[in-house]
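**Student:** Sequence and computational prediction follow.
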Protein chains: 2
Amino acid sequence: MARPTSFDRDAAIETAMQELWRHGYEASSVKKISELLGITRSSYYNAFGTREELFKLALAAYGAQSPDRVLCGDLLERPILVLLTAMFRQVCAVRAADPEARGCLFINSLCELGGEQSELGQLLVDSFISGAERLEELLDIAVRNGELPGDTDTHAKALCIQNLLIGLNTQSKAVHDEDELWLVARTMLEGLGLYRE
Amino acid sequence: MARPTSFDRDAAIETAMQELWRHGYEASSVKKISELLGITRSSYYNAFGTREELFKLALAAYGAQSPDRVLCGDLLERPILVLLTAMFRQVCAVRAADPEARGCLFINSLCELGGEQSELGQLLVDSFISGAERLEELLDIAVRNGELPGDTDTHAKALCIQNLLIGLNTQSKAVHDEDELWLVARTMLEGLGLYRE
DNA sequence: GGTATTTTATACATAAGTGAACAAAATATT
DNA sequence: AATATTTTGTTCACTTATGTATAAAATACC
């Protein structure tokens, strides 16, 4: 019962996400994104509200295609550590294959905004903590499944996995060779006793 | 034979560095920094040239006080791995103690600008690569000194150390407890066979 | 003291960026 | 077809930001 939008909302979010991924939050002004989308700022504000709102939508869109999304799923067929190892291999492949070396949008944003005492900064920090807790749960399951020794410090290992993810994604901005990235990931996973073929 | 500057140049660079550390490169406009320093943009341009130039000066000032500066020194009294372990402990302490959770200026900048094909982005990427090579040299010395087995893959371990540094510094934006950070560092170093008391 | 030299202040011009207001356009529903 | 509803286009008012140009101020040197 109203005028329809002249553009594809989901496609616009996707385009905006790619730009945020490329240049970060602060560099992605309403003006720039509007011009990129071929819409007026008027339409931007109307469709998405503030810059923060669109950023949150972009983060969600990113999450749906991120190589570490597998960790959020509920149904895990394969053993957890096999899945984890495969995920890291995927991360290395995807990051090395990006000609723009953008790393990970989430981690980039945490780095850019995590220190600020803004709503977005807090949101990113909270998501990071949730991610670590989720990983710890997965490792606890792995212990119960006999994939890991009973005395495994799953809390420490969960933080280490997060640490490795951060490092690989950021490092991929300087190291573009998949084998080099994988060398790091494999060495670290082996050192943590988490590597599984 | 000329009018002297009304401000302390080194102090100004230090103040600018702190601000760049806090909010990143793009957020630190000439206007903001000038107002923060209590000088006019005119003086800014005259004293430092472009924003890039001041940023490079700030990077140098940061490097001189960074917890990982020990890796650049030539004279190493203690065994290298003891020094390395101590450095990581220092990184954890310093990052946890920062009430603003700014992480590491260098790594923040690599994350923000590393992907862009700008002069600064390339400079940061190059510095990162140099850092990895320097670490590899140190590990090679450690092998020769008998601190590490002869078959150690120093290339892999050097990249892993860089990875760990990136992860800890960025993670410190979300994890403010020194013990938690150290837990990650120690677990990783032990896993890599690099931990020494 | 006069002069050369550099810093600082001020102004100018221009572009980018934000946010709101309001009218015009488009469409689904009645 | 009229209307309610939402999107879109346009304008306004304002701040931020960059870069330059030019004049005024302050000092060192002769």
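**Tutor:** Thanks, I have the structure now. Numbers count the residues shown, from 1 in each chain, chains lettered A, B, ... in the order given.

**Student:** okay, now the domains of chain A?
**Tutor:** A:9-62, A:66-192 (automatic domain parsing).

**Student:** okay, those in TSV with mean neighbour count next?
**Tutor:** For glycine as for every other residue, the C-beta is placed from the backbone atoms N, C-alpha and C. As requested, these are exported to TSV (neighbours: other C-beta atoms under 10 Å in any protein chain shown):
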stretch	mean neighbour count
domain A:9-62	17
domain A:66-192	19
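
**Student:** CSV please, covering those domains and showing mean pLDDT.
**Tutor:** Shown next, in CSV, are the domains of chain A (pLDDT from 0 to 100):
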stretch, mean pLDDT
domain A:9-62, 97
domain A:66-192, 95
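
**Student:** Of all these, which one is nearest chain B?
**Tutor:** domain A:66-192 (2.8 Å; C-beta to the nearest C-beta).

**Student:** what packs against the lengthiest helix in chain A?
**Tutor:** Scanning chain A for the longest helix, with DSSP state H as the assignment, gives helix A:119-144. Taking 3 or more C-beta pairs under 8 Å, 6 or more residues apart in numbering or on different chains; DSSP states H and E as contact, the helices and strands that helix A:119-144 lies on are helix A:51-63, helix A:80-97, helix A:105-113, helix A:154-171.

**Student:** picking that back up, in JSON lines: the domains of chain A, plus distance to DNA strand C.
**Tutor:** Output for the domains of chain A, formatted as JSON lines (distance: least, C-beta to the nearest atom of the strand, whole Å):
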{"stretch": "domain A:9-62", "distance to DNA strand C": "3"}
{"stretch": "domain A:66-192", "distance to DNA strand C": "13"}
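
**Student:** closest to B:R3 out of those?
**Tutor:** domain A:9-62 (36.3 Å; C-beta to C-beta).

**Student:** Now look at the helix or strand containing A:E14 and say if it contacts chain B.
**Tutor:** According to DSSP states H and E, A:E14 maps onto helix A:9-23. Yes - on the criterion C-beta under 8 Å from any C-beta of the partner chain, helix A:9-23 is in touch with chain B at A:22-23.

**Student:** Number of residues surrounding the residue of chain A at minimum distance from DNA strand D?
**Tutor:** Using C-beta to the nearest atom of the strand, the closest approach of chain A to DNA strand D is made by A:A2 at 2.6 Å. For A:A2, the neighbour count with other C-beta atoms under 10 Å in any protein chain shown is 4.

**Student:** what's near enough to touch the residue lying closest to A:I166 once chain neighbours are set aside?
**Tutor:** Of all residues not flanking A:I166 in the chain, B:G167 sits nearest, at 4.4 Å (C-beta to C-beta, 6 or more residues apart in numbering or on different chains). By C-beta atoms under 8 Å, 6 or more residues apart in numbering or on different chains, the contact list for B:G167 reads A:162-167, B:184.

**Student:** at 10 Å what do you get?
**Tutor:** A:107, A:159-171, A:188, B:107, B:181, B:184-185, B:188 (C-beta atoms under 10 Å, 6 or more residues apart in numbering or on different chains).

**Student:** can stretch A:77-89 be found next to chain B?
**Tutor:** No - if you take C-beta under 10 Å from any C-beta of the partner chain as the test, stretch A:77-89 misses chain B, and the best it gets is 11.8 Å.

**Student:** so what's A:L84 closest to, chain neighbours aside?
**Tutor:** Here the residue nearest A:L84, using C-beta to C-beta, 6+ apart, is A:L194, at 6.3 Å.

**Student:** what about the helix holding A:E14, near DNA strand D?
**Tutor:** No - Helix A:9-23 lies out of reach of DNA strand D by C-beta under 7 Å from any atom of the strand, never closer than 8.9 Å.
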